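# Have a look; sequence and predicted model below, questions after that.
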Amino acid sequence: MRRTWGVTAVLLTAVLTAVLLAGCTGSSDSVSTDSSGSSSGGVVPAEGDRVAEDRVTGTTSDVNTANRDVVTTGSLSITATDPVAASESAVTITEQAGGRVDSRSENPATGIQPASANLSLRIPSDELDRTLAELKTLGRLNFVTLTAQDVTQQSQDLDARITALTTSVDRLLALMASATSTTDLISIESALSSRQGERESLQSQRDLLADQIDYSTVQLELVAEGTVAPGGPDNFWSGIVTGWTALVTALGGVLVALGVALPWLVVLAILGAIVSLIVRVFARRRKAA
């Protein structure tokens, strides 16, 4: 009897195991079907899934980057064989790009200082990269820095305030046309003058901001060879040369300082000898007395 029950239990266990395995296999098949259903038309991805897919593939169709107001400023330093001639070329490059030169100073070479030039360039923002690439060909680039500031909110605020003041001015003009008393007319004229002055001030600020947005400001520095110190030594022999040059320079500085101080030392020595002689004379007279 016990053997019969044991055989029955084994058979039941085998049947249950087969059922469970069949269920797991069916679930796996259904998952596989669902994951590939989008290609067969069974499952349509939701809008959020499409956005996630765009981000994975690197597209930016869901990000609005247009209509941004940016003010770009920068500085550029170039070592040129002839800074003054390079300055002329920089002006030509800027004007050909549709820009202008706000300030320009040139210092020809003299016996005590090398040649140099400094320019303040206003370059159209959409031509900035190309113009900078052309300016870099004037010589050896020392450094370049660019800074971009988003002023979209500031420009939108100015536009909104100008629009509001324009509406207020129009209303005051309409009230002035229908004014029936001198008192009302004077009051309206005072308010109108205040609104118009404020609007003109804001309009000037908006025009200046628009000019800064449309034209990037770049400070260009042109220097002669040897003005910018070269980089440090990168091997043993260049280290020896650098050390020897520094030693010679230091000794030269010491000799120059000694030459400057020598006349003063001679004068001080003479004055010291005179004072010492006077002291000795007084000392002898005291002893004789």
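Here it is on my side, so go on.

# rest of the way, CA atoms for contacts and neighbours
Fine.

# Is Val218 in contact with Gly74, as I believe?
Yes - using Cα atoms under 8 Å, Val218 is in contact with Gly74, at 4.7 Å.

# neighbour count winner among these two?
Taking other Cα atoms under 10 Å, Val218 and Gly74 do not tie; Val218 has more neighbours (22 against 15).

# Show me where the stretch 151-289 of the chain dips below the pLDDT cut-off.
227-234, 238, 289 (pLDDT under 70).

# Recalculate using a threshold of 80.
Along the stretch 151-289 of the chain, the model assigns pLDDT under 80 to residues 226-239, 241-246, 248-249, 252, 258, 284-289.

# quick one, helices of it?
152-177, 182-214, 236-288 (DSSP state H, counting those that start in this stretch).

# For Gly226, which of these is the nearest?
Judged by Cα to Cα, the one of the helices of the stretch 151-289 of the chain that comes nearest to Gly226 is helix 236-288, at 14.6 Å.

# how far out from the middle of the chain is that closest one?
52 Å (Cα atoms, centre = their mean, to the nearest Å).

# Likewise for stretch 82-102?
Distance, centroid of stretch 82-102 to centroid of chain: 22 Å (Cα atoms, centre = their mean).

# Same question for it: list its buried residues.
Neighbour counts over stretch 82-102 (16 or more other Cα atoms under 10 Å) mark 82-84, 86-87, 90-91, 93-94, 97, 99-101 as buried.

# Among the helices of the stretch 151-289 of the chain, which comes closest to Thr131?
helix 182-214 (14.6 Å).

# elements contacting that closest one?
strand 70-79, helix 152-177 (3 or more Cα pairs under 8 Å, 6 or more residues apart in numbering; DSSP states H and E).

# nearest to Leu141, of the helices of the stretch 151-289 of the chain?
Closest to Leu141 of the helices of the stretch 151-289 of the chain, according to Cα to Cα: helix 236-288, at 22.7 Å.

# As CSV, could you dump the C-alpha coordinates of stretch 138-153?
Extracted in CSV, the C-alpha atoms of stretch 138-153 (Å, rounded to 0.1, in the frame of the first residue of the first chain):
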residue,chain,number,x,y,z
LEU,A,138,48.3,86.6,-39.1
GLY,A,139,50.9,85.0,-36.9
ARG,A,140,51.4,82.6,-34.0
LEU,A,141,48.5,82.3,-31.7
ASN,A,142,49.3,83.0,-28.0
PHE,A,143,45.8,82.6,-26.6
VAL,A,144,42.1,83.1,-27.4
THR,A,145,39.2,83.4,-25.0
LEU,A,146,35.5,83.6,-25.7
THR,A,147,32.6,84.2,-23.3
ALA,A,148,28.9,83.9,-24.3
GLN,A,149,26.1,85.4,-22.1
ASP,A,150,22.5,84.6,-22.7
VAL,A,151,20.5,87.9,-22.5
THR,A,152,17.2,86.6,-23.8
GLN,A,153,15.3,87.4,-20.7
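
# So what touches that stretch?
For stretch 138-153, the surrounding residues in contact (Cα atoms under 8 Å, 6 or more residues apart in numbering) are 68-81, 86, 89-90.

# change it to 10 Å
For stretch 138-153, contacts defined as Cα atoms under 10 Å, 6 or more residues apart in numbering pick out 67-83, 85-87, 89-90, 132, 135-136, 157, 159, 209, 213, 216-225, 228.

# Alright, that wraps it up for me.
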